[in-house]
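>>> got a sequence here, can you build the structure:
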Amino acid sequence: MSFFEIKTKHLVLKITLEEVSKLHIHEEIIPEMYEKLVEKIRQDGFFKDPVIVDEKTLVVLDGMHRVAAAQTLKFPYMPVCLIDYDNPEVKLRSWCRTAFKKSSSPSEALSVISRLGLRMTKVASIDDAFALLKARKLVVAVTDGDSVSGVVSPASDIKIIYDWVKKIEHALKNSGFDVGYVTEEEALEKARKGEVTVSLITPTITKEEVRKVALRGEVFAHKATRHIVPARPMNVKVPLNWIDGSIPLEEARRRLSEYLGKKQIKTLPPGTVLDRRYDEELFVFE
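Reported below is the predicted structural model:
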C-alpha cells in the first residue's frame with residue numbers, strides 16, 4: 001500500500017486512501033452535522049482532512065461525520081491517517097455532561113433521571129464514584145459540587161451503559177435543561193463553582209471496548225469518547241476525482257503520496273486555535 005509518512009516525536013502518521021466500506025465508525029452520526037459537511041465538500045471540490053483510523057482494525061477514532069459524508073457522496077475511497085492505536089501516547093478519555101436550568105435545583109435533575117426507572121444511590125466521594133464508573137457499576141455519577149449521587153447501571157456492557165447516558169441526556173433536554181459536553185476536570189469545576197445545576201460524570205471507555213463495539217457493527221452514543229492523539233495532519237485537500245472511483249485505488253494512493261511529497265508542511269504547536277482549539281501538534285500541508 002502506498003502512503004505518505006510523517007514521523008512525529010510520539011507517533012507515526014500514515015496518510016493514504018482507504019475503501020469507505022472497510023472503515024468501522026464507533027459513534028453515532030448526527031444528521032445535521034454531516035449534511036453541512038456534504039455541502040462543504042461539494043463546494044470545495046476536495047476532501048480537506050483525513051479521518052484518524054486505527055491501522056490494525058480500521059476503526060475510525062476521529063471523523064465519524066466525514067465518513068458519513070463520503071458515504072452520502074458515494075465515494076468508494078476517502079483520505080485516512082493510519083495510527084498505532086495501541087501507542088500509549090494515544091489516550092482515551094470521556095466527555096462528561098453538564099445540565100443547567102435557570103431557577104432549578106439538583107433534586108429536579110435527579111428526579112428527571114429517576115423517572116426513567118433507574119435506581120439512584122448515594123456515593124461517599126467523587127473518588128468512589130470514579131471507581132464505581134470504572135467497574136461499570138454506574139451509568140453516571142451526578143454531582144452539584146457538594147454531594148454525589150450514582151445512577152446504578154442495569155448492565156455491565158459499556159454499549160448499554162452509554163445507551164442509558166443518551167436517554168438521560170434526552171430526558172434532561174426535554175425537561176428544559178441545557179446540556180453541555182466538557183472534560184472531567186471542567187465538569188467537576190463547573191459543579192463546584194455553581195455554574196451548572198449538576199454535572200454528570202460518565203465512564204471512560206477502553207480502547208478494546210471501542211474496537212469490540214465498532215467491529216460488531218454497533219455504535220456508541222454521540223460524544224462517548226474523547227480521543228487525545230498527540231499529532232494530527234491537516235489540509236491534505238484530496239481532489240474528489242481521486243476518490244470517486246474513476247481511477248483504481250492503488251493508483252489514487254500513489255498520486256496522493258506523490259502529491260503530498262511535493263508540499264511544504266507547517267508544524268503548529270499544541271494549543272493552536274484554527275476552526276477550534278487543538279491540543280495536539282498539527283502538521284498542516286501548504
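>>> so what secondary structure elements neighbour the biggest helix by length in the chain?
Counting residues, the longest helix in the chain under DSSP state H turns out to be helix 158-174. With contacts defined as 3 or more Cβ pairs under 8 Å, 6 or more residues apart in numbering; DSSP states H and E, the packing partners of helix 158-174 are strand 96-100, helix 106-114, strand 138-143, strand 178-182, helix 207-215. C-beta coordinates here come from the backbone N, C-alpha and C atoms, glycine included.
>>> mind giving me the domain split of the protein?
What automatic domain parsing lists as the domains of the chain is 4-90+211-219+226-285, 95-203.
>>> let's have these in TSV, adding mean neighbour count and mean pLDDT.
Formatted as TSV, the domains of the chain follow (neighbours: other Cβ atoms under 10 Å; pLDDT from 0 to 100):
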stretch	mean neighbour count	mean pLDDT
domain 4-90+211-219+226-285	17	96
domain 95-203	18	97
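>>> could I have the CA atoms of stretch 164-183 written out in CSV?
Extracted as CSV, the C-alpha positions of stretch 164-183 are listed here (Å, rounded to 0.1, in the frame of the first residue of the first chain):
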residue,chain,number,x,y,z
TRP,A,164,-28.6,5.0,29.0
VAL,A,165,-26.4,8.0,29.0
LYS,A,166,-28.1,9.1,25.8
LYS,A,167,-31.6,8.5,27.4
ILE,A,168,-30.6,10.6,30.4
GLU,A,169,-29.3,13.4,28.2
HIS,A,170,-32.5,13.5,26.1
ALA,A,171,-34.7,13.4,29.3
LEU,A,172,-32.9,16.4,30.7
LYS,A,173,-33.2,18.3,27.5
ASN,A,174,-36.9,17.5,27.2
SER,A,175,-37.3,18.8,30.8
GLY,A,176,-35.8,22.2,29.8
PHE,A,177,-32.2,21.7,30.8
ASP,A,178,-29.3,22.9,28.6
VAL,A,179,-26.9,20.0,28.2
GLY,A,180,-23.2,20.6,27.5
TYR,A,181,-20.1,18.5,26.9
VAL,A,182,-17.0,19.1,28.9
THR,A,183,-13.9,17.2,30.2
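>>> sec struct for Leu200, please.
Under DSSP: H, G, I helix; E, B strand; the rest coil, Leu200 falls in the strand class.
>>> just checking, it touches Trp95?
No - applying Cβ atoms under 8 Å, one finds Leu200 not in contact with Trp95, separated by 10.1 Å.
>>> next up, the contacts around Val198.
Residues in contact with Val198 (Cβ atoms under 8 Å, 6 or more residues apart in numbering) are Thr98, Ala99, Pro106, Ala109, Leu110, Val142, Thr143, Asp144, Ala191.
>>> could you tell me the end-to-end distance of stretch 36-50?
Length of stretch 36-50, first residue to last, Cα to Cα, to the nearest Å: 17 Å.
>>> now what about it, what contacts it?
Contacts of stretch 36-50 (Cβ under 8 Å, 6+ apart): 15, 63, 65-66, 68-70, 72-73, 75, 78-81, 233-240, 243.
>>> now find how far off-centre that stretch is within its chain.
20 Å (Cα atoms, centre = their mean, to the nearest Å).
>>> one step back: can you name the two of the contacts of Val198 that sit furthest apart?
The span of those, defined through Cβ to Cβ, is set by Thr98 and Leu110 at 14.7 Å.
>>> how close does Asp86 get to Lys14?
15 Å (Cβ to Cβ, to the nearest Å).
>>> inside strands: which ones of the contacts of stretch 36-50?
Using DSSP state E to define strands, the subset of these located there is Ile15, Met78, Pro79, Val80, Cys81, Pro233, Met234, Val238, Pro239.
>>> now for the fourth one: which residues touch it?
Going back to what we said before, that points to Val80. If you count contacts by Cβ under 8 Å, 6+ apart, Val80 has them with Ile15, Thr16, Leu17, Glu18, Leu23, Pro50, Val51, Ile52, Val53.
>>> what do you get for the third one?
If a contact means Cβ under 8 Å, 6+ apart, then Pro79 has Ile15, Thr16, Leu17, Phe47, Asp49, Pro50, Val51, Val236, Val238, Ile243, Leu256 as its contacts.
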